[in-house]
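Q: Kindly generate the corresponding structure for this input.
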Amino acid sequence: MTSLCHELPAWQLLQTHYQSQIQHLDLCQAFAQDEQRLGSLSLQAPHVFADLSKNLWTTETAALLQQLARQSQLDAKRDAMLAGEAINTSEQRSVMHWLLRTPRDGGNLANSCVVKHWSPAMQTALADVHETLDQMLALADQLRNNPQITDIVNIGIGGSHLGPEVVVNALEDWIDRGKNFYFVSNVDGHELGHVLRRVKPESTLFLIASKSFTTAETMLNARSARQWFLDQGGSEDPGAACSVDAHFVALTTNKKAAAEFGIQRTLGFWDWVGGRFSLWSAIGLPIAIAIGSKQFRAMLGGAHAMDAHFFETPTTQNLPVQLGLLDVWYRDFCHFSSRCIAPYSHGLRRLTAYLQQLEMESNGKRVTKDGQPLAVPSAPVIWGEPGTNGQHAFFQMLHQGQDVIPVEFIALRDGGKYLGKHHQSLVVNAIAQAQALMVGRDGDGAEKFCPGNRPSSFLLLQQLDPASLGALIALYEHRIFVSGAIWNINSFDQWGVELGKKLAKQLHQRQDSQDWEGVDASTQGLMQRLTQSDR
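A: Numbering: from 1, shown residues only. Modelled structure (predicted):
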């Protein structure tokens, strides 16, 4: 079995280093003593500049973390993913969402030693990716240019909901003004009802996103949408002008189930595409309809540029690697249990929700890939809201609360057509908050005192366009892989999610049979309250 991370020699060195040099590190003094701190602790990656100098670490910390990466065999694990090996060990699947944005000729990875020795199966997989991509983008442009379709309703959950939603919101400047996009995921009927009150069957396209076409929440919402469609004058007859077949598209691998539902137009993907990494696949159809095929390819291009940076750049200059190592440093050595994401961009208002799933579902694990219990915590709690709103809500706790919480600022250098005072004020506020967290406030009495020395990272994009957004999301994907590789966990399964689904199905069956034998008293009592008459 592979050594547990806390047993590695570098782990012991990092613990000693934290206690002797970092535990009482003063960031303001660190800048005063090292004029090169900003340059030595900042990195430029494709489309993203990262200032990591306001974090509680030094160049020595970074060097020790590099030792930890080597001892954890990070490079070998990264190469295994690139080679298409089944690194999702519990499901015996490859992890190849990065292949979805790889050009036909290998692009920036064409000269990689690993790619040069790809198996025929990998070459076939890449060809299949582009065949499906071409089909999807052709359909997307057809739908985008159809003036009779004004409303697109995406019905999914998890990655098939959050991924498309965050991108469509972020790239709303590219959306045709004649199109409205809605995202339904909650099984609470109020969400679907809220959308259906705003659309008409003859001008609405429903996208049903479920790999298996059996996801309970998605299929309940899909059946309700279908019934509404029929009740409002739609038809099951494929030849009718307003038919289910014409107004529903399935994003699934289960063509048979989709056909039984009444849908003939389907786009599939592969079992090596995890839900939270799927926006680059057919699950991205609503994105492609929203921004068009050219801009969708630009988004793939930005992500591919970050992929090449991650797979090819030495780890000392590799931004996803540095961020993943910093995450391990904060979680297990500094004992920070959460991280605040503060995007200073209205377009990125749903990014934190997306990153919550991406990180906590991936790395919220308690055992290694070998089944050994982890002796250290893994994923932090991810939370936050867009700035400047957050400044008038939870930033009070960040500045004066007893918990030290690292903050991750995300800002744009170029605000597009909203230049001038608005954008300048927005970004200056972000920079000022990062400064305030570090320098604090002295004097004027205890109530006004802010201790400062609170860490933050600052990610700066040139602008929010498809390529930059693609690079940013790919950056987070690879960063999560890095920290998972250090902990030696499987970042690509989610058995905790499956448990809740399984128990919900069982409770439905027990409710029908009224057989409650073996069910705890609390669960049984709550279920019975659902069916009893009001008192």
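
Q: Going by C-alpha atoms from here, please, whenever you check contacts or count neighbours.
A: Fine.

Q: I'd like the mean pLDDT over the helix or strand L285 falls within, please.
A: For L285, the element it lies in under DSSP states H and E is helix 285-312. Helix 285-312 shows a mean pLDDT of 98.

Q: cool, stretch 493-504 as well?
A: The pLDDT scores in stretch 493-504 average 90.

Q: what does that stretch contact?
A: Outside stretch 493-504, the residues that touch it by Cα atoms under 8 Å, 6 or more residues apart in numbering are N88, S90, E91, E361, S362.

Q: Kindly report the same for stretch 341-351.
A: Contacts of stretch 341-351 (Cα under 8 Å, 6+ apart): 165-166, 169-172, 352, 382-388, 390, 407-412, 426-427, 430, 464.

Q: Let's see the PyMOL selection covering just the buried ones among the residues you listed.
A: Buried residues within these, by 16 or more other Cα atoms under 10 Å, are selected in PyMOL with:
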select buried, resi 165+166+169+170+171+172+352+382+384+385+386+387+388+407+408+409+410+411+412+426+427+430+464
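
Q: May I ask which of the contacts of stretch 493-504 has the most neighbours?
A: The most neighbours of any of those, using other Cα atoms under 10 Å, belong to S362, which has 21 neighbours.

Q: My read is that it contacts I489, right?
A: No: applying Cα atoms under 8 Å as the test, S362 and I489 come out as separate, 9.1 Å apart.

Q: helix, strand or coil for V249?
A: Under the three-state scheme (DSSP: H, G, I helix; E, B strand; the rest coil), V249 adopts strand.

Q: and it, bridged to which residues?
A: Note on V249: beta-bridge partners by DSSP bridges are L207.

Q: burial count for it?
A: As a burial measure, V249 scores 22 neighbours (other Cα under 10 Å).

Q: residues touching it, list them.
A: By Cα under 8 Å, 6+ apart, the contact list for V249 reads L205, F206, L207, I208, I263, Q264, R265, T266.

Q: ok, now with 7 Å
A: F206, L207, I208, I263, R265, T266 (Cα atoms under 7 Å, 6 or more residues apart in numbering).

Q: Does I175 touch A290 like I think?
A: Yes: using Cα atoms under 7 Å, I175 is in contact with A290, at 5.0 Å.

Q: Looking at those two, which is more packed in?
A: Taking other Cα under 10 Å, I175 and A290 do not tie; A290 has more neighbours (30 against 19).

Q: got the contact list for that one?
A: Taking Cα under 7 Å, 6+ apart, we find A290 in contact with R144, V168, I175, D176.

Q: Not counting sequence-adjacent ones, nearest residue to D51?
A: Nearest residue to D51 in three dimensions, chain neighbours excluded: S42, at 4.6 Å (Cα to Cα, 6 or more residues apart in numbering).

Q: Could I get the contacting residues of N88?
A: S94, V95, N490, F492, D493.

Q: can you tell me how far the closest residue to the second one other than its chain neighbours sits from L475?
A: It stands for V95. Excluding the flanking residues, the one nearest V95 by Cα to Cα, 6+ apart is W272, at 5.1 Å. Noted for W272: a distance of 19 Å to L475, by Cα to Cα, to the nearest Å.

Q: neighbour count winner among the two?
A: Of the pair W272 and L475, L475 is the one with more neighbours under other Cα under 10 Å, namely 25 against 20.

Q: Could you verify my assumption that that one touches V321?
A: No: judged on Cα under 7 Å, L475 makes no contact with V321 at a distance of 9.4 Å.

Q: Nice, that's everything, thank you.
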